[in-house]
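Novice: Have a look at this prediction, sequence included:
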Amino acid sequence: VIDSCPPVVVVASSTSTSMDMASTVTMATTVPAAAPTSNYIHYSPISSNSSNSTSCCSTTTDTSNISAAMVKNHQSTTSPSQNSGRRTGSGSGSRSAEAGTPWMDPRLWGRMPEKLLERVLACLPLPAFFRSRLVCKTWYNLMFSDSFLEMCARAQHARASPTRWFLLFRRGVWTEAFAFDPGAKAWHRLDLSFLPPRFSVVASAGGLLCCISEERGRKAVLICNPLTRAYVRLPPSLKDRFVPTVGLVVDPRTKAYRILAAGDDLISPFAVKNLTTEIYDSRLQQWAMTAPLPRLCNLESGKTTYANGFFYCMNYSPFSVLAYDTEAGTWGKIQAPMRRFLRTPNLVECRGRLVLVAAVEKNKLNVPKSIRIWGLQQSRTSWIELERMPQALYDDFMIVSRKKAFHCIGHGNLILITLPDSPDMIIYDFYEKVWRWAPRCPFACSSSANEISCNSATSTGGMSPPSPPVSYGTASVAESAGGFHAFAFDPRLEASVC
C-alpha cells in the first residue's frame, strides 16, 4: 500500500484451506432454446437450491472435471519423480499413453518458467482464473502480486474485444451482486458482504464501485474493487446532503479517479435543495467545491452518465439534460428531444457517445407509442433518432412492465433495459441492430423459501416474450424475485482503489 494513499482494506484469507476469493464468484451459463441438461454450475459452496433450478438455465460444462484435471496436471508438474510412470488422459491422450508417451510429460511441463506460467494464467478468462486459484497456494496468492496484476492489465488491453459485464443488485440489497456476461450468456455471483453496512452502490467505472453512506449529512464514501475485495474509505463530503447525484470516472492511463457529488443539499433537517457541486480527486485526495448547479433544476437523484469529458444527468419539469464539464468545472443545459411526450427518460453511454432512451407517448398525428433511442450530435446541441423498439416487442414489454418506469444502462455496443418490479430484461445491440430478451438471472429468480424456479427468457429468435410467471399463492415468482439496479462493469483485477 502506498503511504500517501488512504488506508486500504483487503478482505481475504491467508490460509490455503480457505478459498474465500474463489468462493466469491459463482457462474451459470445459459443456452438458448435448449432443453435443460443439468443444474447451473457453482464454483463455491454457496447454496443455491439447484435441485429445483433446472429450468433457470442449462450448461454444457462440468466444472468438477475441469478442477480435477487442473489439480492432476499441477501435481504431475510438481512431482516428476512420483509421476514419471503415470499415464493419464482420454481420447487422443489415451492413445498417446498406449504408445508410451505421457499425456503431459513432466520432464517438459515441470520445467516451465514461473513467469511464463503466470503469463498464461493472466490471459485466462476471469471465471477460469478463479477456478485455477483452487489448485495450489502459489496460484491462490497470485491475485495479491503486483507483477501479476500488471500482466493482467496488459492481457486485457491485448484482447480484441474487452470483457464487459453488467452488474446487477436486487433492490435495497448491496451484500451480493449478479454479474451478467452478455458475450458468454453467463451469470456470476459476487459476494460483497465485506463492505461495511449501510452503504449503497451508486456508481461504477474502470472496474471500481463507488459507495456512499445512507445516513443524511456529510456523506462517507467508499471505493472498492469487488473482485479483489479491496476498498478504501475516502474523506466525507464537504456539504450535508440527503440523496445526491453521484458519478465516477477513472482515467485508463493514470488509474486516477474523480467523483462527482451534486445536489440534494440539506438546507434544514426537513428540506433539501439542489445548490452545490463538489469533486473528489484521487491524486489530491481531497474534495473541492466547484460551480453551483443551474437555478431551478430538478435532478434525478443518484444517477449520472459520463461521456467524453462530461457528466450528464436528467433534469425534470420540463425534461432537459444537464452537463458538467470536468475540465472547466461548469454546468450547461441541453434541450431533450420531444420533451413534452417523453416518459421515463434514461441517459446511457454507448461507444463513447451519449444516448437517450425513453418511451414516447404521443397520440396526435397517428404517432405510435414506442421506446426510442436518440444520440447526441457532436455539436452537443441537437439529437438524432437512432432506433425504435419493434411494435410487437414494445406491446409485450408494456405487458411485462405493467406500464411502469424502466431503467437503462449502456456498455460498449449494448443497452440493457431493466424493470424495478420484474426480473425480465431486454438487450439492444447497436452492432447487430437486434432487440432480444435477456436470460433471467438463475440466482435471483429462484425463491429459497418456496423453492420455485423461473424459466429461461431466451429463445432462438430473441424476440419472444418471457415465460409467464409461475403463480404461488397470491404472488408470482416474478413479483417475489423483483427487479434489479444495474451498472456497467469492467471486470479488472488490476483496478486499484488508491
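Specialist: Yes, it's here.

Novice: which stretches of the stretch 251-400 of the chain have low pLDDT?
Specialist: Within the stretch 251-400 of the chain, the segments meeting pLDDT under 70 span 300-302, 363-367.

Novice: Please enumerate the helices of this structure.
Specialist: Here the chain has its helices, by DSSP state H, at 63-78, 80-83, 92-98, 106-109, 114-122, 126-132, 137-140, 146-158, 391-401, 442-445, 477-481.

Novice: any idea how far residue 204 is from residue 257?
Specialist: 11 Å (CB to CB, to the nearest Å). No exception for glycine: its C-beta is placed from N, CA and C like everyone else's.

Novice: Now do the shared contacts for these two.
Specialist: Common neighbours of residue 257 and residue 204 are listed as residue 248 (criterion: CB atoms under 8 Å, 6 or more residues apart in numbering).

Novice: count of residues packed around residue 335?
Specialist: Around residue 335 there are 12 other residues, counting by other CB atoms under 10 Å.

Novice: So that it lines up with my notes, have the first residue be 31 from now on.
Specialist: Got it, the first residue is 31 from now on, which makes the last one we talked about residue 365.

Novice: Please name the spatially closest residue to it (chain neighbours excluded).
Specialist: Spatially, and ignoring its direct neighbours in sequence, residue 365 is nearest to residue 350 (5.7 Å; CB to CB, 6 or more residues apart in numbering).

Novice: ok, now how distant is that neighbour from residue 323?
Specialist: Between residue 350 and residue 323 the distance is 13 Å, computed by CB to CB.

Novice: for residue 512, same thing?
Specialist: 33 Å.

Novice: Looking at those two, which is more packed in?
Specialist: Neighbours were counted for residue 512 and for residue 323 using other CB under 10 Å; residue 323 has more, 20 against 17.

Novice: how close does the more buried one get to residue 235?
Specialist: 22 Å.

Novice: ditto for residue 279
Specialist: According to CB to CB, residue 279 stands 5 Å off from residue 235.

Novice: Which residues are in contact with each of these two?
Specialist: The overlap between the contact sets of residue 279 and residue 235 (CB under 8 Å, 6+ apart) consists of 287, 336.

Novice: what's across from the residue nearest to the spatial centre of the chain in the sheet?
Specialist: In the chain, the residue lying closest to the centroid (CA atoms, centre = their mean) is residue 197, at 2.3 Å. Counting by DSSP bridges, residue 197 is bridged to residue 209, residue 517.

Novice: Quick check: it touching residue 206?
Specialist: No - applying CB atoms under 8 Å as the test, residue 197 and residue 206 come out as separate, 10.8 Å apart.

Novice: Are there residues contacting both of the two? Which ones?
Specialist: Here residue 197 and residue 206 have residue 220 as joint contacts, going by CB under 8 Å, 6+ apart.

Novice: buried ones in stretch 349-366?
Specialist: Neighbour counts over stretch 349-366 (16 or more other CB atoms under 10 Å) mark 349-354, 356, 361, 364, 366 as buried.

Novice: which two from the residues you listed end up farthest apart in space?
Specialist: For the buried residues of stretch 349-366, the farthest-apart pair by CB to CB is 349 and 356; their separation is 23.4 Å.

Novice: Could you tell me how many residues sit around residue 227?
Specialist: Applying other CB under 10 Å, I find that residue 227 has 9 neighbouring residues.

Novice: ok, now residue 313?
Specialist: Using other CB under 10 Å, residue 313 has 11 other residues around it.

Novice: mind listing what it touches?
Specialist: 284, 286.

Novice: Is residue 417 in contact with residue 403, as I believe?
Specialist: Yes - applying CB under 8 Å as the test, residue 417 and residue 403 come out as touching, 4.4 Å apart.

Novice: ok, these two, which is more surrounded?
Specialist: residue 403 (22 against 17).

Novice: what about residue 146, how many residues close to it?
Specialist: 9.

Novice: ugh, typo on my part, it should be residue 470
Specialist: Residue neighbour count, defined by other CB under 10 Å, stands at 29 for residue 470.

Novice: which phi and psi does it have?
Specialist: Dihedral pair for residue 470: phi -70, psi 150, per degrees, to the nearest 10.

Novice: What does the pLDDT read for it?
Specialist: Per-residue pLDDT puts residue 470 at 89.

Novice: Skip the chain neighbours and tell me the closest residue to residue 196.
Specialist: Residue 196 sits nearest to residue 210 (CB to CB, 6+ apart), 4.6 Å away.

Novice: ok, now residue 201?
Specialist: Nearest one to residue 201, counting by CB to CB, 6+ apart, is residue 512 at 5.7 Å.

Novice: is it true that that neighbour touches residue 453?
Specialist: Yes - with contacts counted by CB under 8 Å, residue 512 reaches residue 453, the gap being 7.1 Å.

Novice: Could you name every residue contacting both of those two?
Specialist: residue 474.

Novice: All set now, cheers.
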